[in-house]
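Visitor: I would like to see how this sequence folds:
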Amino acid sequence: DRERNQFDNFILRASGSDWGYTLMRDGLCQGLTSETMDIEKMGYRPCIVFVNGEYLGIHNMRSRIDENFIEQNFGYESDEYDLIENNGGIEEGDNEAFFELFGMFEKDLSNEDNFNEVAEIMDLENFTDYMITEIWTSNGSWGHNIQLWKPKAANTKWRWILQDLDRGFVGPNSSLIQDLSTNIDPNGGGYEWARRPLRGLFKNEGYSAYFISRFTDHLFTTFHPERVSKIISTFKSNIETEIPYHVERWRTASSNYATGIPNVNHWEVRVEGLKTFAYDRQNVMIKNIREMFSLDDEVNLSMMVNPPSTGNISINDIKIPGSPWNGPYFKNLPFELNAEPLAGYEFDGWSTGTFETLIDAGSEWKYLDDGSSPSNWNNLNFDDSSWNKGNTEMGYGDGDESTQVSYGESSSNKHITTYFRKNFSIANTNNYTGKIVVNIVKDDGAVVYLNGTELFRTNMPNGEIFNDTRATRNVSGSAESTYSTYTLDVENLVQ
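Guide: Sure, this is the predicted structure:
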């Protein structure tokens, strides 16, 4: 996945902690940073391994982060840079400048002179993007997998290197901004040293404002669930034809990390789980940032290029992945937009549009909660006159529902599925451009239809859905009340 074509060595990874799940999580997490972040990362290519003719299944061919990585990617000789692993471990050069940097984090960085000393020898954009990636991916294997490097020459800066994210995409509700910026162990345990940079930098108001803006921009672009979902599909397509053979080889095996993938459907469900994570993660992170930094509520920011395919838009120097495009953005958070016309076109100017709510939160819906499985229930002309009706939120068990639905007569044998219907009408679909935005709270999974056509499913397996089809994973805690946001083409509206 890079121009370099000569290697003194490389790593063959069996996917580490992801071996029994998707076989691509580490490469995916790092690959998401391509095009929108300036971070060093391990090269990735999936491959099939044979040893003396014996089939060993799918592995990941990865760059080794060592002196050859720096020298062949950046052109430095071995005595011209420092490469450090974790808390001062020397891979190349020495650690004198490393400890000088980390000593600076113990100073009061709210003082601009102290902060500027750090900024002179540390690439703040690189570090910030690195931390945003670790936080958004919810990487559970972080503090002991840190590498950074710096040329010894004057006027150069320390840069962080992404590696070992095979425990990412786990726990969409984690609040790693707090976790990675605090000292959880007064005795220095828990990778306290690794938390030192972000903890120190957050004392500076200017840096905190930059972090907020940068993270929000990446939620709108790099880690937007639409973009992430498409990249997951690409990674999936690279190995899916080989999965049956890999499963046959390893399904009865076990390791310290996991047991082998038992069947192809198991792999499919796990890959879909990555997409569910992406859609759930967006609003969790928005809420996390808003609460930690006491920001105003978010609004829906929407933009498009018109006519289509005539140019690109960037927000604070990050190219927006598509058009139309929309997502949450904090009210009163300043940003800069730039328009770049393609060859043969000129930029004419900006214009504003309006955002119309089609279905209000708290509105009345029809619902069926008797455990039956009605035919054609999602069609436009279905007769739901016998169904119950009530206002959202609907459910049971949390105590905050506006309408409590029934799970049947037995708490140990509950109805798995409740059906919901809502009618709304639009006078003229030609008046609508851009995207349809659907915000949904589900516990545990949902499939959403419009006029009989499936729009999307969240936390549900592939294939036909029945009233006894279970969600792919349990939803608990704050996830039960957190919206997931999906965007759809207006063409789904029917005149």
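Visitor: pretty sure residue 443 is touching residue 395, no?
Guide: Yes: between residue 443 and residue 395 there is a contact under CB atoms under 8 Å: 6.4 Å. Using the backbone N, CA and C atoms, a C-beta is placed for each residue, glycine as well.
Visitor: let me know the pLDDT of residue 73.
Guide: At residue 73, the pLDDT value in this model is 88.
Visitor: before we move on, what SS does it have?
Guide: helix (DSSP: H, G, I helix; E, B strand; the rest coil).
Visitor: mind checking how far it is from residue 79?
Guide: Distance, residue 73 to residue 79, using CB to CB, to the nearest Å: 17 Å.
Visitor: out of these two, which sits in the more crowded spot?
Guide: Remark: of residue 73 and residue 79, residue 73 carries more neighbours, 14 against 8, as counted by other CB atoms under 10 Å.
Visitor: I figured the more buried one hits residue 43, correct?
Guide: No: when contacts are counted by CB under 8 Å, residue 73 is not listed as touching residue 43 (9.1 Å).
Visitor: low-scoring stretches of the stretch 101-250 of the chain, by residue?
Guide: 183-189 (pLDDT under 70).
Visitor: quick one: the helices in the stretch 151-300 of the chain, in order.
Guide: Under the criterion DSSP state H, counting those that start in this stretch, the stretch 151-300 of the chain contains helices at 176-179, 192-201, 205-220, 225-239, 243-250, 264-293.
Visitor: now for the first one, which elements pack on it?
Guide: If contacts are counted by 3 or more CB pairs under 8 Å, 6 or more residues apart in numbering; DSSP states H and E, helix 176-179 sits against helix 124-136, helix 264-293.
Visitor: okay, the ones you listed in CSV with mean neighbour count and distance to residue 47 next?
Guide: Shown next, in CSV, are the helices and strands packed on helix 176-179 (neighbours: other CB atoms under 10 Å; distance: least, CB to CB, whole Å):
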stretch, mean neighbour count, distance to residue 47
helix 124-136, 22, 24
helix 264-293, 20, 17
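Visitor: contacts only, for residue 33.
Guide: Contact partners of residue 33, counting by CB atoms under 8 Å, 6 or more residues apart in numbering, are 39, 41, 129, 133, 162, 222.
Visitor: export the residues you listed to a markdown table and tack on distance to residue 294?
Guide: Shown next, in a markdown table, are the contacts of residue 33 (distance: CB to CB, whole Å):
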| residue | distance to residue 294 |
| --- | --- |
| 39 | 29 |
| 41 | 33 |
| 129 | 24 |
| 133 | 24 |
| 162 | 30 |
| 222 | 25 |
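Visitor: nearest to residue 241 among the residues you listed?
Guide: Distance to residue 241, by CB to CB, is smallest for residue 41 among the contacts of residue 33, at 26.0 Å.
Visitor: phi, psi of the residue lying closest to residue 118 once chain neighbours are set aside?
Guide: Of all residues beyond its chain neighbours, the one nearest residue 118 is residue 104 (5.1 Å), with distances taken as CB to CB, 6 or more residues apart in numbering. Phi and psi for residue 104, reported as degrees, to the nearest 10, are phi -60, psi -30.
Visitor: surely residue 377 and residue 368 touch.
Guide: Yes: assessed by CB under 8 Å, residue 377 is found in contact with residue 368 at 7.4 Å.
Visitor: now residue 319: phi and psi?
Guide: The phi/psi pair for residue 319 (degrees, to the nearest 10) is phi -70, psi 130.
Visitor: and it, what pLDDT?
Guide: pLDDT, residue 319: 97.
Visitor: in the sheet, who's paired with it?
Guide: Residue 319 forms beta bridges with residue 314, as assigned by DSSP bridges.
Visitor: what about it, how many neighbours?
Guide: Neighbours of residue 319 using other CB under 10 Å come to 14.
Visitor: same question for residue 358.
Guide: Neighbour number of residue 358 under other CB under 10 Å is 14.
Visitor: that one against residue 426, yeah?
Guide: Yes: taking contacts as CB under 8 Å, residue 358 lies within contact range of residue 426: 7.4 Å.
Visitor: as CSV, the helices of the stretch 151-300 of the chain with distance to residue 68 would be great.
Guide: CSV is the format used below for the helices of the stretch 151-300 of the chain (distance: least, CB to CB, whole Å):
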stretch, distance to residue 68
helix 176-179, 32
helix 192-201, 25
helix 205-220, 30
helix 225-239, 25
helix 243-250, 29
helix 264-293, 31
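Visitor: for the ones you listed, which one sits closest to residue 387?
Guide: helix 264-293 (27.9 Å).
Visitor: check the gap between residue 400 and residue 143 for me.
Guide: 36 Å.
Visitor: could you do residue 44 as well?
Guide: The value you get for residue 44 to residue 143, if CB to CB is used, is 23 Å.
Visitor: compare neighbour counts for the two and give me the winner.
Guide: residue 44 (20 against 16).
Visitor: got the angle for the helix or strand where residue 47 lies vs helix 243-250?
Guide: Taking DSSP states H and E as the criterion, residue 47 maps to strand 44-51. Angle, strand 44-51 to helix 243-250, by axes from the mean of the first three to the mean of the last three CA atoms, to 10 degrees: 50 degrees.
Visitor: next, the buried residues of the helix or strand following strand 44-51.
Guide: Per DSSP H and E, the first helix or strand lying C-terminal to strand 44-51 is strand 54-62. Using 16 or more other CB atoms under 10 Å as the test for burial, strand 54-62 gives 57-62.
Visitor: same question, stretch 369-378
Guide: Buried residues in stretch 369-378 (16+ other CB under 10 Å): 369, 371, 377-378.
Visitor: just those now: which is nearest residue 100?
Guide: Nearest to residue 100 among those, with distances taken as CB to CB, is residue 378, at 63.6 Å.
Visitor: would you confirm that the closest one contacts residue 455?
Guide: No: assessed by CB under 8 Å, residue 378 is found out of contact with residue 455, at 10.4 Å.
Visitor: between the two, what contacts are shared?
Guide: Counting by CB under 8 Å, 6+ apart, the residues touching both residue 378 and residue 455 are residue 449.
Visitor: so which of the helices of the stretch 151-300 of the chain is nearest residue 483?
Guide: Per CB to CB, nearest to residue 483 of the helices of the stretch 151-300 of the chain: helix 264-293, 5.0 Å.
Visitor: distance from the chain centre to that closest one, please.
Guide: How far helix 264-293 lies from its chain's middle: 6 Å, per CA atoms, centre = their mean, to the nearest Å.
Visitor: stretch 336-346 too?
Guide: On CA atoms, centre = their mean, the centre of stretch 336-346 falls 28 Å from that of its chain.
Visitor: so for it, mean pLDDT?
Guide: Rounded mean pLDDT across stretch 336-346 is 96.
Visitor: what comes up buried for it?
Guide: So, applying 16+ other CB under 10 Å, stretch 336-346 has no buried residues.
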